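> I would like the atomic coordinates for the input below:
(chains A and B)
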Amino acid sequence: MNALSLEAQSMALFRRKRLFAFAVPAAILAYFAYIFVAFDIAGLAQRASIDNARALVADTYSYKTHVTRDNRSGEVTVAIEGERKGRYAAGTGPDWVELGDQTVIDLGGGHVVTFGPQVTYDIPGYGIIVTEPGSGGVNAVLPDGDLPEWINASKNRLTVTTDAGRLTVTRNRSEVFRYAIGWELFFFTLDSPYHGMGIGELMTRAFGGEAGAIWQDFWTNTMWRHGDVAWAIVETILMAFLGTFGAALVALPLAFLAARNFTPLGSLRFAVRRVFDFLRGVDGLIWTIVLSRAFGPGPLTGSLAILLTDTGSFGKMFSEALENVDGKQIEGVASTGAKPLQRYRFGVIPQITPVLLSQVLYFLESNTRSATIIGAITGGGIGLLLTQAIITQKDWEEVTYYIVLIVIMVMLMDTFSGWLRTKLIKGDEGGH
Amino acid sequence: MGDVSAGRVMDRAQTDYMAQVRAKRVMNLILVVIFIALMIAGFQTADSRNAGGFWNGLPNVFDFPGDVVGEAIERAHLLPGYLWEYLPSLIETINIAAASTLIGAIIGLVISLMVTRGLAPVPLLVGPLRRCLDILRAVPEIVIALVLIFLLGGGPVPAMIAIALHTIGALGKLFSEVNENASLKPVEGLESVGANWTQRMWFGVIPQVAPNYLSYALLRFEINIRASAILGFVGAGGIGYDLRNTMSWGQGKFDEAAAIFLLLFAAIVVVDQISSYFRDRLTHGATNVELHR
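Sure thing, here's the model as predicted:
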């Protein structure tokens, strides 16, 4: 090879590389520009809802207590998140609400709201707002001066939003929200005798023979539904478990039919492989839809959808693993006079078990996530609870709770399957 | 005398061995029994908690596919029109997958270099960044997508962000495993001539690992197409959204659903084939290089 042609060659190579180094980023940029237009990312700012974001973030770490007065009957109710389940018994309330003919609500920081025939809100640094809701409207009397933007007043409605809380007065109803940090009623609801007790007192009572009752009140908490949530998680893991291992059990014998070295019959091999391709290609989404029409929503539908999809994936992977087995070991077993079934059992299975098991366990991990998603579509497990909570668009603290649980669940399954993988595969190698 | 004791040792070794084999078999049998019991119990639990039972539903499995296929055949002349009508949705679904795979791969690449021991610019960040990747991988896409749909409104962007975040977690981990096998010699060489971190990575590491990266990214693209179809089903645009509409309005729209099924199936199979062809070539090339070394 002469030096000139070598130089020309290497120069050409460099030119190509340079062109490539320029073309790839340019192509990626061009594609992003296309996506920017196609997905209308410029218009995103209008569609995005800042209020929603604020409500979501505030709700994840705080809760609000509603104090509501029916302006016609004069009845005052106090309820956490305004829900029936979180309502204080009549005539009781948290210590910042003084019930009586005149209800005095201390919002903290000097903000005081009083409910009576007149509804007043004393705002430090601004003045007192007095309203007299009745058939003629809310009749709000505001301090002199310009109307600040956090007050929204009209004939029939007054809304005051401050850092301490929010007051809404209409002809029929006066309502105050007070925000507080935390997830209220997480352990016990208001009707439970254990609500508001410290951990020390709870422990004393638990050892005093009330452990069952305490657990019962916690488990059946109507606000957070711990029992249902635990069941939902079990259902999700069950879907992943049944789907993955069921698929492995179905795929293993079929994989022998799709492996070249075990099935000499070409047409049969071809047919089985196409079945695998079909199962994989029709995706879990379509299987879920089809199966839920027959079996209705629930964990069984989810398991079967995972089972069908993964039978395709496992069949393909197992048959590839089978085509790579070492023939010598099978010959060795055959030379001892083993029958075909024994040849498979002692010549093939020990070779492929570690590969297969590790693949199955990897799938178990990722199927825990898939089961959450399938649950959201087919109506089972934690996925269903999550979508329900998101659809109501107000229980973001529950959404946060579920997300945390899902992350913990997936991570635990990862750890568990990783542990099992090292344990089983090492144990198998020891046995050889 | 020596023969006798040797024979005794052999005997003992054999009985010990047989005892061990028996013990192992018993253990295996117990494991298998536990596994079967778990499967059966699990199946029964799932069955009892399902709205419709397994044995009641089994005869109806083919009813829905039958209806869909029946209507599709009845109105077969409309099918090409429907395929054309829903093609833009399919392209949107594929675009969601492609854009999120690209974004995820680019960010995942940078993070993977930051969490590989020996390559990390800030060794202190390795642990926390790895935990971040774990969390990104653990959160299912649907969770992020649903929250983002609430914030940003429906459409492809929430799905794209959700899938991209998950892809960062998944590819970041896989890429960092690839990085661990990269030779550090080019990096050291570049360092000795005064290259900064970006240059060391770009010229020293990336050329070594690019084929493996590409292969993983292609595999992820396959997975992301399926994910983007599913997210469409919960309201994030694309062909999944159309599928839900044609199915839930039901009554006479099954022919359109059939067209969507066909499109989706074809897209998944075609992308699978293309990607597995390229992955095969990429990894094949890589093994050849390894053989030459």
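> domains of the chain?
Here I'm looking at chain A. What automatic domain parsing lists as the domains of chain A is A:63-181, A:185-213, A:226-431.
> that's the other chain; I wanted chain B
B:2-60, B:73-292.
> show the pLDDT at B:Ser48.
Note on B:Ser48: pLDDT of 85.
> what about it, distance to B:Leu38?
From B:Ser48 across to B:Leu38, the span is 16 Å (CB to CB, to the nearest Å). Backbone N, C-alpha and C define where each C-beta goes, glycine included.
> again with A:Asn2
For A:Asn2 relative to B:Leu38 (CB to CB), the value is 72 Å.
> which of those two has more neighbours?
Neighbours of A:Asn2 and B:Leu38, each counted by other CB atoms under 10 Å in any protein chain shown, are more numerous for B:Leu38; the result is 14 against 7.
> return the list of helices and strands in contact with the helix or strand containing the more buried one.
Assessed by DSSP states H and E, B:Leu38 sits inside helix B:2-49. Packing contacts for helix B:2-49, counted by 3 or more CB pairs under 8 Å, 6 or more residues apart in numbering or on different chains; DSSP states H and E, involve helix A:226-258, helix A:299-323.
> among these, show me which one is buried the most.
helix A:299-323 (a mean of 25; mean count of other CB atoms under 10 Å in any protein chain shown).
> C-terminal to that one, what's the next element?
Heading C-terminal from helix A:299-323, the first helix or strand you meet, by DSSP H and E, is helix A:327-335.
> by contact count, what packs against that next one?
Applying 3+ CB pairs under 8 Å, 6+ apart, one finds that helix A:327-335 contacts helix A:340-343.
> and with 10 Å instead?
helix A:340-343, helix A:349-378 (3 or more CB pairs under 10 Å, 6 or more residues apart in numbering or on different chains; DSSP states H and E).
> ok, which of those helices comes nearest A:Gly136?
helix A:349-378 (49.9 Å; CB to CB).
> let me know the angle separating the closest one from helix A:299-323.
150 degrees (axes from the mean of the first three to the mean of the last three CA atoms, to 10 degrees).
> list the buried residues in helix A:349-378.
A:351-352, A:354-361, A:363-378 (16 or more other CB atoms under 10 Å in any protein chain shown).
> which of the residues you listed come close to chain B?
A:365-366, A:368-378 (CB under 10 Å from any CB of the partner chain).
> can you tell if stretch B:58-75 touches chain A?
Yes - Stretch B:58-75 is in contact with chain A by CB under 10 Å from any CB, via B:58-65, B:67-68.
> quick one: secondary structure of B:Gly237?
Using DSSP: H, G, I helix; E, B strand; the rest coil, the secondary structure recorded for B:Gly237 is coil.
> that one: what's it in contact with?
A:39, B:89, B:92-93, B:95-96, B:149, B:154-160, B:228, B:231 (CB atoms under 10 Å, 6 or more residues apart in numbering or on different chains).
> low-confidence ranges, chain A, go.
For chain A, the stretches with pLDDT under 70 are A:1, A:426-432.
> can you list the residues of the stretch 201-350 of chain A near chain B?
Counting by CB under 10 Å from any CB, the stretch 201-350 of chain A comes close to chain B at A:231, A:234-235, A:237-239, A:241-243, A:245-246, A:249, A:277-278, A:280-286, A:288-304, A:309, A:316.
> hang on, the earlier thing: helix A:226-258 and the helix holding B:Leu38, what's the angle between them?
Using the same axes, to 10 degrees: helix B:2-49 against helix A:226-258 is 120 degrees.
> what's the following helix or strand after helix B:2-49?
Next in sequence after helix B:2-49, counting helices and strands by DSSP H and E, comes helix B:54-57.
> helices or strands up against that following helix?
Counting by 3+ CB pairs under 10 Å, 6+ apart, the packing neighbours recorded for helix B:54-57 are helix A:284-295, helix A:299-323, helix B:2-49.
> now with 7 Å, please.
helix A:284-295 (3 or more CB pairs under 7 Å, 6 or more residues apart in numbering or on different chains; DSSP states H and E).
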